[in-house]
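Colleague: got a predicted structure here, sequence first:
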Amino acid sequence: MSLNKSILSILFVCFLNISYGQGVTAMSAYDSATQYRNIADTLWDTNVPPSRENLFKALSILHKGLDYLNQPYVWDLAQGNVYLKFRRFNILNDVAHVYSLLREKDSTIKTLSTMLDIGGYNFNNIEKDTAFDFIRSEKDFKELFADMHRKKARWTDDFLKTPYRNDLPLNEKIAGLSLLWSQAKYNFVHFDHANIDWNKEYLDYLNLIAQTKSTAEYYKILIKFYASLKDGHTNVYFPKELDDSFYSRPPFRTELIEGRVFVNDIYNDTLKKVGIEKGLEILLINGEPVLEYAKNYIEPFQSSSTPQDMDVRKFTYALLA
């Protein structure tokens with residue numbers, strides 16, 4: 001079968017999907033969009049310089065792929081599937097490269113602009129792509145990426161990457177807390193589950209960090225701040241300079257079993273020689289009943305959304321850290 005017939009037969013299948021849209025899942029839509037891209041690749045992404053005729057054929061196929069992705073039901077599926085969403089980015093990237101081979105300046109820049117609007121990628125790689133050297137000095141190209149750098153600066157925290165000190169100045173502590181507050185305020189989706197007034201929490205914690213006397217104390221407050229969101233994937237982590245202070249623990253693991261805490265695993269033979277063995281029950285820590293100690297001193301700093309996960313974090317991971 002000739003290449004053109006292969007293209008027509010595969011596109012016909014894609015067009016059937018477009019026409020009916022029945023039984024289409026996000027991943028089947030991804031596969032359909034990928035077919036357009038794969039066919040176009042054989043026309044332009046080759047070891048030998050492609051002809052202008054093949055470049056225009058590739059553009060036609062890639063634009064049909066974009067038309068497919070623009071179908072309402074496919075567009076909706078892409079909002080919940082990152083692979084399908086970024087298939088659009090990939091096809092646009094191919095379109096930009098084909099336009100670059102055709103030396104179509106305006107079309108290349110316009111396509112790059114559409115790509116960059118999708119977001120969620122490392123645009124520095126696109127900016128440095130040698131395929132776009134022929135437009136690198138163009139005013140529109142420079143302005144496009146200058147705008148992207150400005151947008152990135154608004155959403156990153158590079159300005160807070162200051163040298164570690166044993167006690168950060170108060171203005172940096174406030175800036176760090178404010179960054180965490182704003183990131184959650186505009187991006188966190190489970191405030192109903194957390195059942196807290198996030199703005200009031202922010203004001204309360206401003207007062208708490210003002211009283212800290214060290215960077216270690218400051219980070220404990222930040223960790224407690226984010227733990228109040230009750231989400232296991234929303235955490236604050238210590239800088240590496242504090243690893244020994246906060247992650248060190250004796251070489252054995254503990255576990256909560258039927259309301260009691262036991263030694264579960266031992267990682268040092270010396271401990272066994274002094275009588276610490278698997279199955280030994282822990283009753284007190286620093287003179288307090290172990291369950292009360294965990295409730296008062298461990299739980300407030302654990303980010304977790306379920307009771308069972310909290311028990312693991314509280315009694316296995318963090319109890320003796």
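Modeller: Structure's in. What do you need?
Colleague: from here on, contacts and neighbour counts on C-alpha atoms
Modeller: Will do.
Colleague: and the helix or strand harbouring L59, how far out from the chain middle?
Modeller: Using DSSP states H and E, L59 sits in helix 52-69. How far helix 52-69 lies from its chain's middle: 32 Å, per Cα atoms, centre = their mean, to the nearest Å.
Colleague: now do that helix: which elements does it pack against?
Modeller: helix 26-44, helix 82-101 (3 or more Cα pairs under 8 Å, 6 or more residues apart in numbering; DSSP states H and E).
Colleague: can you lay out those as TSV showing mean pLDDT and mean neighbour count?
Modeller: Putting the helices and strands packed on helix 52-69 into TSV (pLDDT from 0 to 100; neighbours: other Cα atoms under 10 Å) gives the following:
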stretch	mean pLDDT	mean neighbour count
helix 26-44	96	20
helix 82-101	96	21
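Colleague: can you lay out those as JSON lines showing distance to G232?
Modeller: Formatted as JSON lines, those follow (distance: least, Cα to Cα, whole Å):
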{"stretch": "helix 26-44", "distance to G232": "27"}
{"stretch": "helix 82-101", "distance to G232": "22"}
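Colleague: give me the contacts around stretch 272-289.
Modeller: Stretch 272-289 is contacted from outside by 260-266, 271, 290, 293, using Cα atoms under 8 Å, 6 or more residues apart in numbering.
Colleague: can you give me the mean pLDDT across it?
Modeller: Here stretch 272-289 scores 93 as its mean pLDDT.
Colleague: how far out from the middle of the chain is it?
Modeller: 40 Å.
Colleague: for that stretch, buried residues please.
Modeller: Residues of stretch 272-289 classed as buried: 276-277, 281-282 (neighbour count, 16 or more other Cα atoms under 10 Å).
Colleague: one step back: average pLDDT across the helix holding L59?
Modeller: 97.
Colleague: just after it, pick out the following helix or strand.
Modeller: Going down the chain from helix 52-69, the next helix or strand is helix 72-78, by DSSP H and E.
Colleague: run through who's touching that next one.
Modeller: 21, 25-26, 29, 68-69, 84-85.
Colleague: returning to what we had before: could you work out the most separated pair of the contacts of stretch 272-289?
Modeller: Longest distance between any two of the contacts of stretch 272-289 is 22.8 Å, between L271 and Y293; criterion Cα to Cα.
Colleague: L256 pairs with what?
Modeller: With DSSP bridges as the criterion, L256 is bridged to V261.
Colleague: and it, how close does it get to D231?
Modeller: Look at L256 and D231: by Cα to Cα, to the nearest Å, they are 21 Å apart.
Colleague: can you check K185 too?
Modeller: On the measure of Cα to Cα, K185 and D231 end up 14 Å apart.
Colleague: quick one, which of those two is more surrounded?
Modeller: D231 (19 against 13; other Cα atoms under 10 Å).
Colleague: wouldn't the more buried one be in contact with S303 here?
Modeller: Yes - counting by Cα atoms under 8 Å, D231 does reach S303; the two are 5.4 Å apart.
Colleague: if anything else comes up later, I'll come back, but that's it for now.
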